[in-house]
Each structure stands twice: as structure tokens, then as C-alpha cells.
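**Student:** What shape does this take:
(one chain, ligands or ions: 1)
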Amino acid sequence: MKMKRGIDMTDDSNTKAAMILFGATGDLAKRKLYPALYNIYRNSQEFHDFAVIGAARRPWDHETYREHVYAAIQPFVAEGDDVGDFLDRFHYYSIDVNDIQSYLGLKDMAEQLDHQYHLNGNRLFYLAMAPSFFGTVTHNLNDSSLSKTNGWKRLVIEKPFGHDLTSAQQLNQEIRHVFAEEEIYRIDHYLGKEMIQNIQVLRFANPIFEYMWNNRYISNVQITTSEHVGVGERAGYYDKTGALMDMVQNHVLQMVALTAMEPPSRLDTEDIRDEKVKALRSIRPVNADNVHDHIVRAQYTSGTIDDQVVPGYRDEDGVSHTSTTDTYIAGKLYIDNFRWSGVPFYIRTGKRLAEKSTEIVVEFKDSPMTHDFKGSDIRPNLLVIHVQPDEGISLKLNAKKFSTSNETMPVTMDFSSHGLDEYRASDAYERLLYDCIRGDSTNFTRWDEVALSWEYVDSVIKAWNEVNLPVKEYEAGSMGPSEADQLLAKSGHKWWPLNQMN
Ligand code: BG6
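**Tutor:** Below you'll find the predicted structure:
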């Protein structure tokens, strides 16, 4: 489905831009942004007039930078592809982000490239750097007049957006001095994933589902995003953050919002965001009285993953031996509105789990005749959105066995994106960068979404501090602590197995 959101696709002057990338020598730029830019350049007719200024501290020259970019895109370069024109458009600027003088040279370079490539003064500022610099950089962009341009200006900003509601508000105020809300593109890379974008299509283009998308027919919803990996080299960040802030505040709550939202009046950016906001606002806050029944926090101990013994979280490099940081969260959320009243949304996310998987499982209520099928294995109908590693949708049904008896068997109907000939898996960053270049902010989070997500997360942290909610343990390579199973069992539910596409 091609959704139009008020973008003039015929006017290619809109997609001309200078991208000014802070953090140009960093890991995100190398792993995600350069390959994404290259794939957009190679696959899209619309994005050929651009220049990139890579800004970072190291004293590199243009050539060193281009070699760095080439190394990053090389796995994506097909035989015979000429990357010369693409690489020529990359320029390097060594910057001290705290020094306003340093921005003046950057401004000169931006103006010169603007002139050379006829970029109409359009500027995309991408902050792929530590969040502690976000405020300083935006402030200096303004004071140096780099952000004052005749064309459009946009700011792309990575997570984490604050570490609680108050710090997020402060950060937002700082950047709002320089950029209007519609110029700010807050990245949540889950919103760039194919199957996350497919939720709207599945719901709003298929009335058979949407008519049943409520508490009359749905028993519960389960949203899992589980990882094999441990904390890796990010202990410094992760030990201060934990799974609740690292994953729930953004990716998981965005999946909740997309699953729970009302149909928007139109498939337009602000209409969609308005509905997500209403869903987030309806999430029941956690408090000291209900936190025990709603939240499980846990940390991994040593165990085995892929036949390798891996250390427990507290023995990871850079993690305190007495750390109580959560590497796993399971939660039961209620969305207090007419559509979802009484339907639990179970969420779970964790590191060092047995499966790498992101899935949304919608479990329908039992048929009133379930008990008539005596001795049969009748199961609830499940609609499963497989986000990763498989991408697709499956529907679990009951059917009669091919025999003379009346016995039943579970069957699955599935649709997998990989079955499509024309399908070329594009990365989430490729989609999001492309959207940003075209000025489509639908798949970025608006400020009120961020604020409401923090409100929920802050309520959880406040409650668990008040009651001293214990940090449970789970073995690396398991599917989490048994308390997460009990969370569902109390309401007669269970987690459905993951990665069962067929
Ligand atoms: C990031 C988190 O936002 O998402 C990481 O900071 C996590 O801790 C990652 O590993 C997961 O992303 P994906 O796309 O691999 O599911």
C-alpha cells in the first residue's frame, strides 16, 4: 500500500539536501547510516542531489572519511556498481561540539556544498552521538546560524530521549528553541521495521480483523521482543538504563500503541499520531498497590547460549558486581478504554534469552462450543505478527482431521514476506532515513508520545522503589524467570511459543 501523507513526490527539489551528520566516525553511522544512504541512493530515483558533511572530533581529511564510508557500504556494493559519485559527496569536518567557533567553519562548508550541488538550502542535521550533547549541539546550531536557512531544516535525534519525564522535558525544551515540533524526527527504529509498518495495513485494510479487534472477541495480547545478545560492549550505558528504559519506554510501548489505537480518521501523520497518543494515555499507571501483580523485573545469571557458556550480567565487563539493573521485564498492562477494558496486554523483553524474536500475538476468546469437541485438541485462534527474525503473519485455526472421526487438529495459515519475488529486505534505517528526506514523520515519535511513555515508565520505577520490588534471576539461555509465567497464569493465560511461523 502506498500511503500519501501530503508529500509532493513530483517536486524533487524537496528531496535535495545537505546531511550534516554529528558522530560521523561512530558505530551507528558505520553500521546503519552509511549502508542506508547507499541503498537509498542506489534504489531511489528521488535521492541523487545530496551531500554529506561528516562531523566528528577526529582530525580526518575527506579522503580518510571516504575510505571509512566505503568500508561501511562495501558489503552492499554489487559487482560493477560505480560508487565514485556517491563517495565524492561525502565531506569531513573535524569539530569541537562545545566550541561555537567550530560551527562557523561548518557553516561555510554547508553553504559551499549547497551552492555546488544546488541543494536549495535544505539541511538535515543528524545527531548520532551521546545524548548528553544533544542540547549543546542544537544550541550551537542556532547561535552559529547554521540552522537558519532558506530551505527546510530537520533534526534527527536518536534515543534515549531523556532518562525520565523531567529530563526528557528539559531536552525537548532545548531543542524546541531551535526546531519546531514538525522539524524534529525522533527515531525509534522499530517503527522502520517492515512488519511494524504492516500493523496498520493488517488492521485497517482487512475489516475481518478490525471488526473483531476489541474486548468482545480478544482474550489477551502478547508482545515479546527477546534477544540472544547480552549487554555486549554497552555496559556503561546499559547498567544505568536497564530493559525497562532501554526497550519498554520506546519500542515496546510503540508496539502497544499501534496494536491498541483506534482507527485514525485518515492515514495521515498527525491523525495516526493522535490515535497513538490516546492509546498511550489510556494505559493504567502502575502503583505501589498493583506493581507486584503487573511487573516482573529480572537479571540474567550465567548459562548457555548456542552451546557457549556465557557469564551472568554482574560478571560482564563494566557491570558492577552488585548491580540490580533489569535485563528482563515482563508486564501486564491494561488499557482503560471502551475497546480494551478487561483485556490484558502482556509485554516482555530481555537479553540473553533462548530465542531471538519479536512477535505480537493476538489471542482470541474461545468458541462457546469448544467443550463439544470432546477429546479434541481445540486451541484458541491466534493471529501472530512475526516482526523478526521471520517477517510475516500467521493465523492459527482448528480444522477437522482427515479421517472418519470428528477429531480436530491445529492448522496455520501464514503469509511470509520472503515468499514474495520482488521482496528486498530493506533495513529499518533505510526506510526511516528515506522518510525523513521526503519529510514524512509518521514513523517517528511525536513529543507527546515520548512524554506519555515516560509517564508510564516513571510510574513503574516509582512503584518498584516504594515496595522494593525484588530483581528475580533467570538463567542465560532460558526464556526468563518463572514469575513471568505466573504473571499470565494468574489470569488463566500462558505465553505462546515464539518463532512458530507454520
Ligand atoms: C536498541 C536497544 O534500541 O534496540 C538495544 O538499545 C537492543 O539494547 C536493540 O539490542 C534491539 O534492536 P533489534 O532491532 O535488534 O531488535
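
**Student:** how about the most centrally placed residue in the chain, secondary structure?
**Tutor:** Centroid check for the chain by C-alpha atoms, centre = their mean gives Tyr190 as the closest residue, at 2.3 Å. Put simply, Tyr190 is helix when judged by DSSP: H, G, I helix; E, B strand; the rest coil.

**Student:** what does the stretch 101-250 of the chain put close to the ligand?
**Tutor:** Proximity of the stretch 101-250 of the chain to the ligand is confined to Glu227, Asp246 under the rule C-beta under 6 Å from any ligand atom. The C-beta positions use only the backbone N, C-alpha and C, and glycine is treated the same way.

**Student:** what about the helices in the stretch 101-250 of the chain?
**Tutor:** 134-143, 165-176, 194-204, 207-210, 235-238, 242-243 (DSSP state H, counting those that start in this stretch).

**Student:** Highest mean neighbour count out of those?
**Tutor:** helix 242-243 (a mean of 23; mean count of other C-beta atoms under 10 Å).

**Student:** packing partners for it?
**Tutor:** Applying 3 or more C-beta pairs under 8 Å, 6 or more residues apart in numbering; DSSP states H and E, one finds that helix 242-243 contacts strand 328-334.

**Student:** Listing partners with orientation, what would you give for the strand it packs on?
**Tutor:** Strand 328-334 sits in its sheet next to strand 295-301 (antiparallel), strand 344-350 (antiparallel), going by DSSP bridges.

**Student:** Select, out of these, the one closest to the ligand.
**Tutor:** Among the strands paired with strand 328-334, the nearest to the ligand by C-beta to the nearest ligand atom is strand 344-350 (8.9 Å).

**Student:** downstream neighbour of that closest one in the secondary structure list?
**Tutor:** Next in sequence after strand 344-350, counting helices and strands by DSSP states H and E, comes strand 357-364.

**Student:** Show me how far the helix or strand following that next one is from its chain's centre.
**Tutor:** Counting by DSSP H and E, the element after strand 357-364 in chain order, helix or strand, is strand 382-388. Chain-centre distance of strand 382-388: 16 Å, with C-alpha atoms, centre = their mean, to the nearest Å.

**Student:** Show me what strand 382-388 is packed up against.
**Tutor:** Strand 382-388 packs on helix 194-204, strand 357-364, strand 392-400, going by 3+ C-beta pairs under 8 Å, 6+ apart.

**Student:** could you dump stretch 334-346 to PDB, C-alpha only?
**Tutor:** The C-alpha coordinates for stretch 334-346 follow below in PDB (Å, rounded to 0.1, in the frame of the first residue of the first chain):
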ATOM      1  CA  TYR A 334      -4.400  -2.500  31.000                       C
ATOM      2  CA  ILE A 335      -5.700   0.000  28.500                       C
ATOM      3  CA  ASP A 336      -8.600   1.700  30.200                       C
ATOM      4  CA  ASN A 337     -10.900   2.500  27.300                       C
ATOM      5  CA  PHE A 338     -14.100   1.000  25.900                       C
ATOM      6  CA  ARG A 339     -12.300  -1.100  23.300                       C
ATOM      7  CA  TRP A 340      -9.800  -2.800  25.600                       C
ATOM      8  CA  SER A 341     -11.400  -2.800  29.100                       C
ATOM      9  CA  GLY A 342     -10.500  -6.100  30.700                       C
ATOM     10  CA  VAL A 343      -8.100  -7.300  28.100                       C
ATOM     11  CA  PRO A 344      -4.500  -7.700  29.400                       C
ATOM     12  CA  PHE A 345      -1.600  -6.700  27.200                       C
ATOM     13  CA  TYR A 346       1.300  -8.800  28.300                       C
END
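
**Student:** What residues of that stretch count as buried?
**Tutor:** Tyr334, Ile335, Asn337, Arg339, Trp340, Val343, Pro344, Phe345, Tyr346 (16 or more other C-beta atoms under 10 Å).

**Student:** Briefly note if stretch 374-386 comes near the ligand.
**Tutor:** No. On the criterion C-beta under 6 Å from any ligand atom, stretch 374-386 is out of touch with the ligand, staying 12.9 Å away.

**Student:** could you list every residue that touches the closest residue to the ligand within the chain?
**Tutor:** Nearest residue of the chain to the ligand: Asp246, at 4.7 Å (C-beta to the nearest ligand atom). When contacts are counted by C-beta atoms under 8 Å, 6 or more residues apart in numbering, Asp246 touches Pro160, Tyr238.
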